[in-house]
Structures are given as structure tokens and as C-alpha cells.
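1. Need the 3D shape of this:
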Amino acid sequence: MDLLRFITAGSVDDGKSTLIGRLLYDSKSILSDQLEALEKQSKNKELGSIDLALLTDGLRAEREQGITIDVAYKYFSTPKRKFIIADAPGHIQYTRNMITGASNSQLMIILIDARNGIIEQTRRHTIIASLLNMPYVVVAINKMDLIEFSQDVYNNIVIEFAAIAKSLGLKQISFIPISALNGDNIVDKSNNMDWYDGPCLLDFLETVSIDSETNLTHARMPVQYVIRPQSEVLPDYRGYAGKIISGTYRVGDEIFVLPAGLHSRLSRIESNLQDVKEAVAGQAVILHLEDDIDISRGDMLVKKDNQPFLGQDLEVLLCWMDSKPLKPGNKYLIQHNSRRIKSVVKEIEYRLDVNSLEKEEGIDCVGLNEIVRAKIKTASPLAYDLYKDLRVNGGLILIDETSNVTVGACMIQQ
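-> Below you'll find the model as predicted:
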């Protein structure tokens, strides 16, 4: 059974947590003790209903304020598929949390309050979906019950959002009118919107194709750990452990070690304590080479064909996630898969206005949640792909050297 990771995004009070709670509740993915605790804690129990948002609002501060601050992850499954849901915060100051959850997702659900239509935070999350090269975007137009299930209001929002998506290059867009609170078009088709002939949300999530997301041509395995026990039982054992992030490896393949550029041949593959002839993206393996080569954590094992770029000068789209401003000349650590190296921000080319989508040049300072295009130089060569071609090897984060806090999320453009 395959696994779909998706994230909910939208502005404050658009109903993200309630939507997830409704999915879990109506798909019968809540244990009886969880349901009992939920009924006791619900603010609306005197009205005969439960507050489904409490299923994901786990922090005390969230429950007290009725908002989502951190990214909450929930797991559930149906007979057709397994799911991991990331419930992202809606407040502007927590956009960085939303980016963290979205970077590992295959699909984004953007909620829009039908009464308010498309607002600034909607545009911001749509831009982030575009920057992160999100494979699928579902626009869930929520609270249709509060506008008497108006088809005209729904159609106007669809037309406006479609124009924004086209300007950003988003292609796989689906629109679903819902009421998360009442369950309309969540798990079952709603009788209140007979004008809508598409699938309900759960049907869409169960059937959307995610096979195309696995890249089997560009072989990439960042080394996480070099295993050399040097024991009496295994005196000559030397294995390179890691997770294959894309591509396929077979015994006998010619292997290049980057950034050093050394090469050897794949002599053995271990997976789950067994020798196998082949391993593919998503598997955690131990690779063995015919030659004893100096390989360390952070090096990347690739095949001869479809090799990544190798260089020190990067052009990135950068989402700034720190309250301290970003300025040219600032130095940060870069974390790219298992490789961590020093870097410096050389130049800020422009800032992207989330409302007009215009590029503002002449920027010398970047504030919290702003999105810019920047040039970064690394202290040593990096083996990377462009984000649009291979997400798993085209993204990186910036880390403050003194506090060890993640301050920026980057998508490599060039």
C-alpha cells in the first residue's frame, strides 16, 4: 500500500484543523479513547457537537488561542492508501513552519474561506507551492454552508485562482467545494451541491497518482555513515550507508564519488541485512565498492549517466525564516542532504512581491517570510540538481552558525 504525504495551508480560521479532524472522524480513524477525550475537551459539546480541530491543535497555546502554531502531523489510512497529513499554521509569522511541512509533501490542500475569497495569505501559500514545485494542488473552497452553497461564488473563486496559478506555472490544480464543519464533500458527496460533479476530497486523495514522483533515472545516494567495524569477524568490511533519494543501483554499476570525482564499481548492495542485486529510490541501503576510496559522510554516490551539477556558485530562490534580517555578506552553514558546508550570501537579486508577483530589485535587506532570489557561494563544491528537475537534490537550508537555528529554505535555480 502506497503512502501520500500532503499538507493543508490557508489563512487563519479557514478551517484547516477542522478539515483534518473531519477526515479522521468520518473515515473512522479515531480511536475510542481519543474520541472520548475529544468530547470532554470540546468547547461545543453543550451544543451536541465536538470540536474536530482539537485533533491537530496539540500545543497548549494553540488550544487556548484556537489557532495552529506548529506543524502538526497526523497519520491515517483507508483500504486504498496510507496518509501523513501536515497541518500548517495560517498566521503570517508562522509561514516558516508551513514551508517546513510543505517541503516533504507531494500534495498541498489550500483552503479558501468562501466568504472572503482569495486573500494575501492565499497568494503567499500559492507562491510557495509554485516555488516548492508542488506536484499537486487541491483548492478546497470551504464554508460553502455559510454562503448557501452558492455556485456563482465558487465559480468566481475558481476563475480568480486559476489566473494566479497560470501566472505561477502551476499545472495540476483541482477545485473542490466543501464544508469541513458539516462534512460536505469531505468523505462523502454532498447533497447540498448537486451542481458539483467532481470527486469528494477523500476520493481524490485516494486516487491521485503519485507514482510519477519517483525518479528512477537520476541515481543519487548521499552517504550518511561509513561503516568500518574492523573487528575480528569483519576485518575488511567497508560499507557506505544511506537512503537512495532517487534512481536505481545495481551490482556492477560504475559509481562516481562526488565532489571528489573518484570512481569505482558497485560490488555489493545490502538491504534489510540481506544481499540484493538491485535497490531503488526510497530504500535505506549499504553500498560496497570494489576499491578502497576515501569517502566521508556528505559525499554523494552517483552513476555515470545523468550526473548532478558540481559547483560552488548557486542561484537560489530563498524563503527567509528568521527575525534577524538577511544581508549580502552574511555567512551561514548549508545543509544539503547529509552534507554540511560553510557559505556566504554574495548578492540579493530581487524580492518577490507576494501580492503583485513583481520583482523588486535593489534590495539590501531581507525580512521574515520574504522570498528573494539570491546568489550563494559555498566553501567547497556541492553536487546538486536544479529544484525543478529533482526536488530531493535541489533543495537546501541555511543554518545560523552561532545559534544552529534554521534561517532559510532554498530552492536551487541555477
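2. Name the helix or strand for the residue of the chain positioned farthest from its centre, please.
-> The centre of the chain is farthest from one residue, residue 232, which by CA atoms, centre = their mean lies 44.4 Å away. Using DSSP states H and E, residue 232 maps to neither a helix nor a strand.
3. Now stretch 104-123 - C-alpha only, PDB.
-> Coordinates of each C-alpha in stretch 104-123 appear next as PDB, following Å, rounded to 0.1, in the frame of the first residue of the first chain:
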ATOM      1  CA  ASN A 104       8.300  17.000   2.300                       C
ATOM      2  CA  SER A 105       4.800  16.800   0.800                       C
ATOM      3  CA  GLN A 106       3.600  15.500  -2.500                       C
ATOM      4  CA  LEU A 107       0.300  17.500  -2.500                       C
ATOM      5  CA  MET A 108      -1.000  20.700  -1.000                       C
ATOM      6  CA  ILE A 109      -4.500  21.500   0.000                       C
ATOM      7  CA  ILE A 110      -5.100  25.200   0.000                       C
ATOM      8  CA  LEU A 111      -8.200  26.200   1.900                       C
ATOM      9  CA  ILE A 112     -10.100  29.300   1.000                       C
ATOM     10  CA  ASP A 113     -13.000  30.800   3.100                       C
ATOM     11  CA  ALA A 114     -15.800  31.100   0.500                       C
ATOM     12  CA  ARG A 115     -16.900  34.300   2.300                       C
ATOM     13  CA  ASN A 116     -13.500  36.100   2.000                       C
ATOM     14  CA  GLY A 117     -12.300  34.700  -1.300                       C
ATOM     15  CA  ILE A 118      -8.600  34.900  -2.300                       C
ATOM     16  CA  ILE A 119      -6.600  37.000   0.200                       C
ATOM     17  CA  GLU A 120      -2.900  37.800   0.700                       C
ATOM     18  CA  GLN A 121      -2.100  34.600   2.600                       C
ATOM     19  CA  THR A 122      -3.700  32.600  -0.100                       C
ATOM     20  CA  ARG A 123      -1.400  34.200  -2.600                       C
END
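4. Check which residues of that stretch are buried.
-> For stretch 104-123, a neighbour-count test (16 or more other CB atoms under 10 Å) marks 105-114, 118, 121-123 as buried. In this view, the C-beta of every residue, glycine as well, is placed from N, C-alpha and C.
5. Run through who's touching the helix or strand hosting residue 162.
-> Taking DSSP H and E as the criterion, residue 162 maps to helix 151-168. Contacts to helix 151-168, defined as CB atoms under 8 Å, 6 or more residues apart in numbering, come from residues 112, 114, 117-118, 122-123, 126-127, 129-130, 137, 139, 141, 144, 147, 173, 175, 177, 193, 195-196, 357.
6. got the buried residues of stretch 104-123 as CSV, with secondary structure columns?
-> Formatted as CSV, the buried residues of stretch 104-123 follow (DSSP: H, G, I helix; E, B strand; the rest coil):
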residue, secondary structure
105, coil
106, coil
107, strand
108, strand
109, strand
110, strand
111, strand
112, strand
113, strand
114, coil
118, coil
121, helix
122, helix
123, helix
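7. Tell me which two of the residues you listed sit farthest apart.
-> 106 and 114 (26.1 Å; CB to CB).
8. any idea how far the nearest residue to residue 330 once chain neighbours are set aside lies from residue 407?
-> Spatially, and ignoring its direct neighbours in sequence, residue 330 is nearest to residue 345 (5.1 Å; CB to CB, 6 or more residues apart in numbering). Residue 345 is 11 Å from residue 407, where distance means CB to CB, to the nearest Å.
9. Give me the common contacts of the two.
-> 326, 332.
10. re the thing from before, now do the contacts for the residue nearest to residue 330.
-> Counting by CB under 8 Å, 6+ apart, residue 345 touches 326-332, 374-376.
11. closest to residue 228 among these?
-> Of all those, residue 332 has the smallest distance to residue 228: 31.8 Å, by CB to CB.
12. residues touching the closest one, list them.
-> Residue 332 touches 342-345, 398-401, 407-408, counting by CB under 8 Å, 6+ apart.
13. Quick check: buried residues in the helix or strand hosting it?
-> Assigned by DSSP H and E, residue 332 falls within strand 331-336. Neighbour-count burial for strand 331-336, counted by 16+ other CB under 10 Å, picks out 332-336.
14. Give the partner strands of that strand in its sheet and their orientations.
-> With DSSP bridges as the test, strand 331-336 is paired with strand 339-352 (antiparallel), strand 395-399 (antiparallel).
15. Reformat those strands as JSON lines; add distance to residue 22 and mean pLDDT.
-> Listed next are these as JSON lines, based on distance: least, CB to CB, whole Å; pLDDT from 0 to 100:
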{"stretch": "strand 339-352", "distance to residue 22": "34", "mean pLDDT": "94"}
{"stretch": "strand 395-399", "distance to residue 22": "32", "mean pLDDT": "92"}
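16. Residue 6 is nearest to which of these?
-> Closest to residue 6 of the strands paired with strand 331-336 is strand 395-399 (CB to CB; 17.9 Å).
17. and residue 201, what does it touch?
-> Counting by CB under 8 Å, 6+ apart, residue 201 has contacts 19, 23, 109, 138, 140, 176, 178, 185-187.
18. Residue 138 versus that one, what's the distance?
-> 7 Å.
19. Please apply the same query to residue 348.
-> Counting by CB to CB, the gap from residue 348 to residue 138 is 33 Å.
20. Please apply the same query to residue 130.
-> Separation of residue 130 from residue 138 (CB to CB): 15 Å.
21. coming back round to it: and after the helix holding residue 162, which helix or strand comes next?
-> With DSSP H and E, the next secondary element past helix 151-168 is strand 173-177.
22. Now do the end-to-end distance for stretch 198-218.
-> 36 Å (CA to CA, to the nearest Å).
23. buried ones in it?
-> For stretch 198-218, using 16+ other CB under 10 Å, the buried residues are 199-205, 208, 210, 215, 218.
24. and which of these is nearest residue 314?
-> Nearest to residue 314 out of these is residue 218 (CB to CB; 18.2 Å).
25. Just to check, that closest one is in contact with residue 306?
-> Yes: under the criterion of CB atoms under 8 Å, residue 218 makes contact with residue 306 at 4.6 Å.
26. okay, and the common contacts of the two?
-> residue 247.
27. Please tell me how far residue 276 sits from residue 401.
-> Counting by CB to CB - residue 276 and residue 401 are separated by 40 Å.
28. just residue 99 next, same as before
-> 21 Å.
29. higher neighbour count, these two?
-> residue 99 (24 against 12; other CB atoms under 10 Å).
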